[in-house]
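Trainee: predicted model and sequence below, questions to follow.
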Amino acid sequence: MPKIKTHRGAAKRFTRTANGGFKCGASHRRHILTKKSTKRKRQLRKAATLHQSDVRMTARLLPYS
């Protein structure tokens, strides 16, 4: 059997945590930042955790992570 290829787009966006979940960057941080409060932008800096319903699909895209 050949090796499974890693989905390179997913590899750049998600990293696996020690408990088997995935970390990802928060959305809404790219543009139109002037109308967003400083508190909101500061909280968006933290890495978000991928929702449990999306973990199985992401694990298939990243077989060796």
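Mentor: Alright, I've got the coordinates.
Trainee: the residue most central in space within the chain pairs with what?
Mentor: Centroid-nearest residue in the chain: C24, 2.2 Å away (criterion: Cα atoms, centre = their mean). For C24, the beta-bridge partners under DSSP bridges are F14, A48.
Trainee: hmm, it is touching R16, no?
Mentor: No: here C24 does not reach R16: they are 10.9 Å apart, not a contact under Cβ atoms under 8 Å. C-beta: built from backbone N, CA, C; applies to glycine.
Trainee: between those two, which contacts overlap?
Mentor: Taking Cβ atoms under 8 Å, 6 or more residues apart in numbering as the criterion, C24 and R16 do not both touch any residue.
Trainee: what's near enough to touch the residue nearest to the centre of the chain?
Mentor: C24 makes contact with 13-15, 47-50, according to Cβ under 8 Å, 6+ apart.
Trainee: then L61?
Mentor: By Cβ under 8 Å, 6+ apart, the contact set of L61 is 6-7, 10-11.
Trainee: what do you get if the cut-off is 6 Å, keeping everything else the same?
Mentor: For L61, the contacting residues are 7, 10, by Cβ atoms under 6 Å, 6 or more residues apart in numbering.
Trainee: where's it relative to R45, distance?
Mentor: Per Cβ to Cβ, to the nearest Å, L61 is found 25 Å from R45.
Trainee: farthest from the middle of this structure: give me that residue.
Mentor: The chain, farthest from centre, Cα atoms, centre = their mean: M1 at 29.3 Å.
Trainee: re earlier: and the gap between the residue nearest to the centre of the chain and T34?
Mentor: Distance of C24 to T34, given as Cβ to Cβ: 25 Å.
Trainee: could you do K46 as well?
Mentor: Relative to T34, and taking Cβ to Cβ, K46 is found at 21 Å.
Trainee: now do P2
Mentor: From P2 to T34 the distance is 50 Å (Cβ to Cβ).
Trainee: now the two most distant members of the contacts of C24.
Mentor: Greatest spacing in the contacts of C24, by Cβ to Cβ: R13 and T49 (13.2 Å).
Trainee: between those two, which one's more packed in?
Mentor: Neighbour count, other Cβ atoms under 10 Å: between R13 and T49, R13 has more, with 16 against 13.
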